[in-house]
Structures are given as C-alpha cells and as structure tokens.
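Trainee: coords please:
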Amino acid sequence: PRASFEDADDTMMGLSALVPAVARATGLPVIAAGGVCGAAQAAGLAVAGASGFVLGTALVGTEESRAPGAHRWCAVHGVGSDTVTTRLFSGRTERVYRTGLVEAVEHLEDRTAPWPGPEALFAPLFRAAAAAGRDELLVFRVGQSAGRSAFAKVEDAVRTVTSWIPGE
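Mentor: Reported below is the predicted structural model:
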C-alpha cells in the first residue's frame with residue numbers, strides 16, 4: 001500500500017521505471033514490490049532487473065488472509081480510482097481504499113502529524129469500528145493491484161506470478 005516516508009510527487013515513480021533504474025544504479029539484487037499480481041507483469045519486471053517479487057494486495061483476498069471481509073472485497077473488486085494516497089492514518093504516505101472515514105477527514109491532510117502519531121490517534125477508533133462492524137469507519141490499505149487480486153489461495157497467487165519461469 002505504498003507505506004513510505006517520502007511525500008514529494010516525484011516519488012510516485014512507477015515500478016516498471018523504478019526497477020531498472022535501481023538495478024542499474026546499485027548493481028544489487030532488486031526485489032520488486034507494488035502492484036505485482038500477474039505472470040506477464042512479473043516477467044517484464046524480471047527482464048527489467050528484478051530478482052524477486054513481493055506480493056501484497058494480491059494476497060489480501062486469499063483464504064489464508066486474516067483481513068476483514070470488507071478489506072478482502074476492496075482487494076478483489078476495488079479499482080485504482082477508488083483509492084487515494086494519504087498520510088492521514090499513519091503519518092506516512094500510503095494508498096488506502098476510499099471509505100466514509102477517508103472522505104470525512106481527507107480535508108485535514110495538511111494537518112497530519114508525523115509517523116507514528118496518527119496510528120496511535122486512530123487505533124481506538126479502528127478497534128471500536130471493527131468490533132461494531134462499521135466498515136465505513138475503517139481504513140483498508142491496498143496497492144495498485146486492487147481489483148486484480150482474485151486468488152483463492154496464496155499458492156494460486158505464487159503459481160500465477162511465477163508461471164512464466166521455465167520449469168516452474
């Protein structure tokens with residue numbers, strides 16, 4: 001979900017541009033993370049210099065996930081236009097699914113305390129909202145693959161993302 005301490009718009013570089021730049025600049029193995037959910041994408045990132053991948057949102061909807069039902073729904077059925085990047089809930093820039101709470105407080109973005117202040121502030125609200133089944137008062141962190149994460153099991157996701165590798 002892009003949890004980052006960087007706020008500038010120029011840090012919003014896409015993964016397909018970032019991976020080759022980092023691989024070329026460092027000469028180190030690069031682990032690609034951010035929106036990885038398909039074989040073609042993984043293969044392209046490997047060609048660009050990625051040595052491995054991290055699956056995030058792609059795993060939220062799996063049966064092994066402990067995410068609440070509404071969070072699973074966002075990962076499986078949501079779309080990128082239903083997300084927003086914000087610092088409101090953690091103090092770090094992150095991508096979240098637009099909920100009633102997000103819409104109610106997004107005008108306060110410029111008053112957000114640095115990390116980890118907002119996490120401590122919102123934790124009691126999130127606990128109470130979860131206990132009461134008030135999904136609209138929760139924040140669902142998702143990545144750019146929201147809506148493309150319909151894997152039944154973690155094994156299905158891993159098998160799909162690695163299916164382009166010969167012998168896999």
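Trainee: all helices for this protein, in order.
Mentor: Using DSSP state H, the helices of the chain run over 15-26, 39-48, 57-60, 69-77, 100-105, 117-132, 154-162.
Trainee: Tell me how far Ile31 lies from Ala21.
Mentor: Separation of Ile31 from Ala21 (Cβ to Cβ, to the nearest Å): 15 Å. No exception for glycine: its C-beta is placed from N, CA and C like everyone else's.
Trainee: Equivalent analysis for Leu108, please.
Mentor: When distance is defined by Cβ to Cβ, Leu108 is 34 Å away from Ala21.
Trainee: More neighbours: those two, which one.
Mentor: Set Leu108 next to Ala21 and count neighbours by other Cβ atoms under 10 Å: Ala21 wins out with 13 against 10.
Trainee: which one is the more buried one nearest to, not counting chain neighbours?
Mentor: Excluding the flanking residues, the one nearest Ala21 by Cβ to Cβ, 6 or more residues apart in numbering is Met13, at 7.8 Å.
Trainee: mind checking how far the one you found is from Gly34?
Mentor: From Met13 to Gly34 the distance is 10 Å (Cβ to Cβ).
Trainee: List the buried residues for stretch 16-28?
Mentor: For stretch 16-28, a neighbour-count test (16 or more other Cβ atoms under 10 Å) marks 18-19, 22-23 as buried.
Trainee: cool, and stretch 60-77?
Mentor: 60-62, 65, 67, 70-76.
Trainee: what does stretch 150-165 give?
Mentor: So stretch 150-165, judged by 16+ other Cβ under 10 Å, has buried residues 151, 157-158, 160-161.
Trainee: now what about it, what contacts it?
Mentor: 36-43, 46, 53, 55, 58-59, 61-64, 76, 149, 168 (Cβ atoms under 8 Å, 6 or more residues apart in numbering).
Trainee: 10 Å - rerun?
Mentor: 36-46, 53, 55, 58-65, 75-77, 149, 168 (Cβ atoms under 10 Å, 6 or more residues apart in numbering).
Trainee: Tell me, how many residues neighbour the residue lying closest to Thr112 once chain neighbours are set aside?
Mentor: Leaving aside its sequence neighbours, Thr112 sits nearest to Arg87 (Cβ to Cβ, 6+ apart; 4.6 Å). Neighbour count for Arg87, taken as other Cβ under 10 Å: 19.
Trainee: List the residues that contact Phe126.
Mentor: 89, 101, 119, 134, 137-139.
Trainee: Kindly apply the preceding question to Gly117 instead.
Mentor: Gly117 sits next to 90-91 when contact means Cβ under 10 Å, 6+ apart.
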